[in-house]
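Trainee: Build me a structure from this.
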Amino acid sequence: MRRTPWPRLLLIAALAAVVVFAGLRAAESRGASLLPVPLLSSVVVLLIAGVVLSLGWSVRQFTQGNRPGLDPLLAARTVVLATASAYTGALLSGWYAAHVLVVLGDLEIAARRDLAVSAGLAMLCTVALAVIGLVVERWCEVPPPDDEPGGPGASAASGSAA
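Mentor: As a prediction, the model looks like this:
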């Protein structure tokens, strides 16, 4: 499984921000009003990030030899969860960034300022989720064994055989 490229996550966040910005502008032009982002959503995102970080840390400890045993299925699920967290964090970052951009010109109005602050906080939490997802993906990498082609011992073995 390949690591998730961070430029792809930036592209997803940017595309989501553009699409959501257009949608929010259209909704506001038809009389809809934007509500502040609940603090609970930021807390939940941080809790998810904490779970991903905790699971990733246990896999990292195993790969570094500091933990005696680890269920391979748990390690595989941790990698999948980290990848999903990175993509989800990028998508939600674009979502919340669009909310901030929509109200950016009206920060002197208290309700719009509250929306900008709550969406900005949520955006920071989702960026943290994406970054933690990428870090945990990296922690879950296992170097190839020495006897596999392309492993660290492969060039030495092929050099001695020649």
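Trainee: and Gly69, which of the three is it?
Mentor: Secondary structure state of Gly69, per DSSP: H, G, I helix; E, B strand; the rest coil, is coil.
Trainee: Nearest residue to it in space, ignoring adjacent ones along the chain?
Mentor: For Gly69, ignoring the flanking residues on the chain, the nearest one in space by C-beta to C-beta, 6 or more residues apart in numbering is Phe62 at 7.6 Å. Yep, even glycine has a C-beta here, placed from its N, CA and C like the rest.
Trainee: And the next helix or strand past the host helix or strand of that neighbour?
Mentor: Using DSSP states H and E, Phe62 falls within helix 39-63. Next along the chain after helix 39-63, taking DSSP H and E as the criterion, comes helix 72-103.
Trainee: and that next one, average pLDDT?
Mentor: Helix 72-103 shows a mean pLDDT of 95.
Trainee: buried ones in the following helix or strand past that helix?
Mentor: Using DSSP H and E, the helix or strand that follows helix 72-103 towards the C-terminus is helix 110-139. For helix 110-139, a neighbour-count test (16 or more other C-beta atoms under 10 Å) marks 112, 115-116, 118-123, 125-137, 139 as buried.
Trainee: got the angle between helix 110-139 and helix 39-63?
Mentor: With axes from the mean of the first three to the mean of the last three C-alpha atoms, to 10 degrees defining the directions, helix 110-139 sits at 10 degrees from helix 39-63.
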